[in-house]
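Undergrad: Below: sequence and its predicted model.
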Amino acid sequence: MAKATNEQIDAFLAELSRWSVENGRLHREYLFRDFVEAFGFMTQAALAAEKAGHHPEWFNVYKKVVVDLVTHEAGGITEKDFDLARKMEHLAGER
């Protein structure tokens with residue numbers, strides 16, 4: 001899988017403006033009402049990530065979930081990261 005171009009990354013960030021690029025990774029912080037909602041999101045996102053064969057770097061503290069996406073084997077951001085980010089946005093939007 002090829003690394004995304006700067007133009008592709010810019011287009012993605014224009015589409016999903018709550019995401020940013022930090023340290024060469026797609027980055028997003030989600031805030032939920034409470035821990036149960038945050039953990040529910042992570043559970044759903046974990047299932048989607050497993051199905052896609054692409055796993056986030058993330059952590060959770062109480063109602064906050066911090067996500068970083070990068071495709072290590074490609075050495076940067078790829079379409080796999082865009083796809084998983086879109087899926088996470090959809091899952092978070094359902095909450």
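TA: Thanks, I have it.

Undergrad: all contacts plus neighbour counts: C-alpha atoms, from now on.
TA: Will do.

Undergrad: Please enumerate residues in contact with stretch 17-25?
TA: Applying Cα atoms under 8 Å, 6 or more residues apart in numbering, the external contacts of stretch 17-25 come out as 13, 26, 27, 28, 68, 69, 70, 76, 77.

Undergrad: Does the fifth one lie in a helix or a strand, and which?
TA: Meaning residue 68. In the assignment (DSSP states H and E), residue 68 maps to strand 64-69.

Undergrad: quick check, distance from the helix or strand following that strand to the centre of its chain.
TA: Next helix or strand after strand 64-69 toward the C-terminus (DSSP H and E): helix 79-93. Helix 79-93 has its C-alpha centroid displaced from the chain centroid by 6 Å (Cα atoms, centre = their mean, to the nearest Å).

Undergrad: buried ones in helix 79-93?
TA: Across helix 79-93, burial judged by 16 or more other Cα atoms under 10 Å covers 79, 80, 81, 82, 84, 85, 87, 88, 89, 91, 92.

Undergrad: Show me what that helix packs onto, helices and strands only.
TA: Judged by 3 or more Cα pairs under 8 Å, 6 or more residues apart in numbering; DSSP states H and E, helix 79-93 is in contact with helix 35-52.

Undergrad: just checking, what packs against the helix it packs on?
TA: strand 57-61, strand 64-69, helix 79-93.

Undergrad: Repeat the analysis, applying 7 Å as the threshold.
TA: Judged by 3 or more Cα pairs under 7 Å, 6 or more residues apart in numbering; DSSP states H and E, helix 35-52 is in contact with helix 79-93.

Undergrad: pLDDT of the helix it packs on, averaged?
TA: Helix 79-93 shows a mean pLDDT of 97.
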